[in-house]
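In: Okay, predicted coordinates and the sequence, questions at the end:
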Amino acid sequence: MRIIKSIFDRSLLLPIFSGLLLGFSFPPFHFGWLAFVGFIPLIFAVKGAKNYREVLKLSYFGFLVLNIVAIYWVGGWTRESDPFLMIGGAALVFCHPFFFTVPMLVYHFLHKRFGELAVFLFPFLYLSFEHLHSIGEVAFPWLTIGYSQSYNQAGIQFSSFTGLFGISFQILLVNSFLYYSLTSWMDNRGAKKFRIARSLSIALLLIVIPEIYGEMVLRSAGKNEYANKLKVAIIQPNIDPNEKWNGDIDQIMETYEQETYKSGSHESDLVVWPETAIPFYILLPQFSCFKRSLESFLDSTNTSLLAGVPIARYYSDSDSAKPSSHFDESTHRYYDAYNGAAVFEPHSNVYQTYGKIILVPFGERIPYADAVPFLIKPLNWGVGISNWARGKDTTVFRLRGGPTFGTVICYESIFPNYVRAFVEKGADFLVIITNDGWYGKSSGPYQHAAYAVLRAVENRRAVVRAANTGISEFIDPYGNLIGKQTRLDERMTLEESIPISHQLTFYTMHGDWIANFAEVISAAVILFGLFLKFKSKN
């Protein structure tokens with residue numbers, strides 16, 4: 001009854017309005033401008049809260065609406081979806097908003113110390129939260145507010161200096177200055193017109209200057225011709241992810257090889273198959289016949305291939321195994337399984353591999369599984385992809401002839417600092433392999449594809465995005481689409497020449513410096529606020 005009463009509580013109207021504004025600012029909705037005013041109703045609501053309990057309630061319901069609108073799709077909700085996926089998705093939508101209440105509670109604390117001026121500290125607090133929320137095994141930064149600008153190509157060009165969190169900071173600052181101008185206008189004591197005009201002017205400049213800069217960058221980028229290019233083909237097979245793990249191995253391999261050959265894409269410098277395109281341990285001796293068959297195909301077509309593959313690494317003795325390691329009944333040995341990628345070159349039996357490092361919490365791995373191994377069996381997802389081990393290194397692949405590239409797998413692509421590491425280590429372009437087929441024709445695949453634009457702009461690198469069921473695409477270093485995108489749920493092959501770039505952006509060299517700066521400011525202000533609180537008590 002208390003929950004039902006809370007839903008009809010009039011005090012929740014402002015937070016719910018904020019949740020709607022922020023939710024509809026994310027892709028696939030083309031209303032990114034809503035983010036620049038989205039926090040204002042919630043800040044007004046928190047201002048009127050009597051205590052921390054009320055702040056918790058107001059902010060929870062506001063961010064709950066944001067989560068429902070923007071990531072309702074995480075449960076899959078298709079007829080074929082695994083029950084664990086649906087339960088996990090529902091739990092995420094209803095539990096995730098609790099994380100977002102933390103910066104609002106801290107803001108309420110500072111508002112009691114500094115009054116209305118605390119609103120200018122809000123951008124530092126919220127940005128610190130976003131950055132910290134992107135670290136660790138429970139990280140889920142999907143709703144970082146900077147992603148709301150994914151469709152604003154001109155407005156995101158400055159992220160080559162600041163990264164994604166710079167865009168978030170811009171949005172938060174605009175919200176703060178607009179809120180301050182509103183409270184000044186509503187001030188019964190008669191606010192000075194200059195103060196209102198100043199706040200509005202700063203908010204306007206924070207929006208306009210990045211747009212003007214972005215337009216200038218895009219205009220000059222159109223005149224650039226890259227000296228080196230690479231011909232790349234993407235195979236989008238449109239294979240049902242629920243059936244793939246129990247499907248016919250021969251049929252799956254034949255599908256990929258036929259699509260690669262008949263499209264003529266084998267004549268490209270690199271062919272890309274999506275995440276877990278090969279759904280068995282092809283690199284193990286017991287599957288050597290399939291590996292030889294694949295090598296024979298690559299030799300005959302002279303094709304270099306990047307494919308998503310599971311990778312198994314066995315321990316020499318059981319004492320070295322981790323609590324989360326698998327046990328092979330046939331060999332009586334422990335091993336770790338990785339959601340990986342491998343590069344196969346023609347006329348060579350040497351291959352390069354990469355194991356995914358950032359895994360989807362609960363979907364691909366129980367967070368901190370080695371510390372809580374008793375949770376592994378009860379929470380194991382039944383479609384063959386849970387309890388992956390974490391990879392060891394950000395591998396940069398090198399093709400014959402010299403070009404290098406970094407490959408990130410699915411969820412990893414939303415972590416800007418992680419993707420940056422591949423470029424810093426020498427990657428000339430980036431590849432994202434993914435399988436968004438679990439989420440049908442929901443917002444999920446569109447959001448995930450839209451976010452890839454930021455990785456291209458931040459690092460000034462071309463991005464090749466290969467998805468099992470869509471959306472596959474090529475993106476240039478300025479966020480422009482090269483050629484066309486695939487649609488969802490279609491079997492399709494794309495082939496384009498992508499630019500090879502070697503320059504390092506400020507962001508690539510210095511990472512999330514703006515978020516680190518916000519954390520320093522936030523820590524200092526919180527400590528000062530605590531000092532004032534205890535001083536007043538004494």
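Out: Nice, thanks for sending it over.
In: For this protein, which residue occupies the most central location?
Out: residue 414 (1.8 Å; CA atoms, centre = their mean).
In: excluding its backbone neighbours, what's nearest it?
Out: Distance criterion CB to CB, 6 or more residues apart in numbering; nearest residue to residue 414, sequence neighbours excluded, is residue 451 at 5.5 Å. In this view, the C-beta of every residue, glycine as well, is placed from N, C-alpha and C.
In: residues near that neighbour, how many?
Out: The tally of other residues near residue 451 (other CB atoms under 10 Å) stands at 21.
In: try the one 3 residues further on
Out: Per other CB under 10 Å, the neighbour tally for residue 454 reads 26.
In: and if you look at the one 4 residues further on?
Out: Taking other CB under 10 Å as the criterion, the count of residues near residue 458 is 28.
In: Using the three-state scheme, assign it.
Out: Classification of residue 458 by DSSP: H, G, I helix; E, B strand; the rest coil places it in helix.
In: Tell me who's in contact with it.
Out: Residues in contact with residue 458 (CB atoms under 8 Å, 6 or more residues apart in numbering) are 159, 160, 163, 164, 416, 419, 420, 505, 507, 508.
In: what's the closest of these to residue 516?
Out: Taking CB to CB as the measure, residue 516 lies nearest residue 163 of the contacts of residue 458, at 10.9 Å.
In: Make sure residue 313 is actually in contact with residue 336.
Out: Yes. Look at residue 313 against residue 336 with CB atoms under 8 Å: they come within range, at 5.3 Å.
In: Identify the contacts common to those two.
Out: Joint contacts of residue 313 and residue 336 (CB under 8 Å, 6+ apart) are residue 389.
In: what stretches of the stretch 201-350 of the chain score poorly on pLDDT?
Out: Residue ranges of the stretch 201-350 of the chain with pLDDT under 70: 263-266.
In: repeat for the chain
Out: Where the chain drops to pLDDT under 70, the residues are 1-8, 77-82, 188-191, 263-266, 373-386, 538.
In: Show me which strand runs longest in it.
Out: Counting residues, the longest strand found in the chain (DSSP state E) is strand 333-344.
In: Spatially nearest residue to residue 93, not counting backbone neighbours?
Out: Nearest non-adjacent residue to residue 93, counting by CB to CB, 6+ apart: residue 67, 5.0 Å away.
In: need the strands for this protein, in chain order.
Out: So, for the chain - with DSSP E - the strands run 229-236, 270-272, 305-314, 326-328, 333-344, 351-355, 396-398, 404-409, 429-434, 463-467, 473-475, 481-482, 492-499.
In: Which of the contacts of residue 458 sits closest to residue 34?
Out: Within the contacts of residue 458, the smallest distance to residue 34 is 18.1 Å, found for residue 164 (CB to CB).
In: just to revisit the earlier point, can you put the strands of the chain in TSV and add mean neighbour count and distance to residue 133?
Out: Formatted as TSV, the strands of the chain follow (neighbours: other CB atoms under 10 Å; distance: least, CB to CB, whole Å):
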stretch	mean neighbour count	distance to residue 133
strand 229-236	23	32
strand 270-272	26	31
strand 305-314	21	27
strand 326-328	13	30
strand 333-344	22	23
strand 351-355	19	24
strand 396-398	19	27
strand 404-409	26	19
strand 429-434	26	21
strand 463-467	28	24
strand 473-475	25	26
strand 481-482	15	30
strand 492-499	20	32
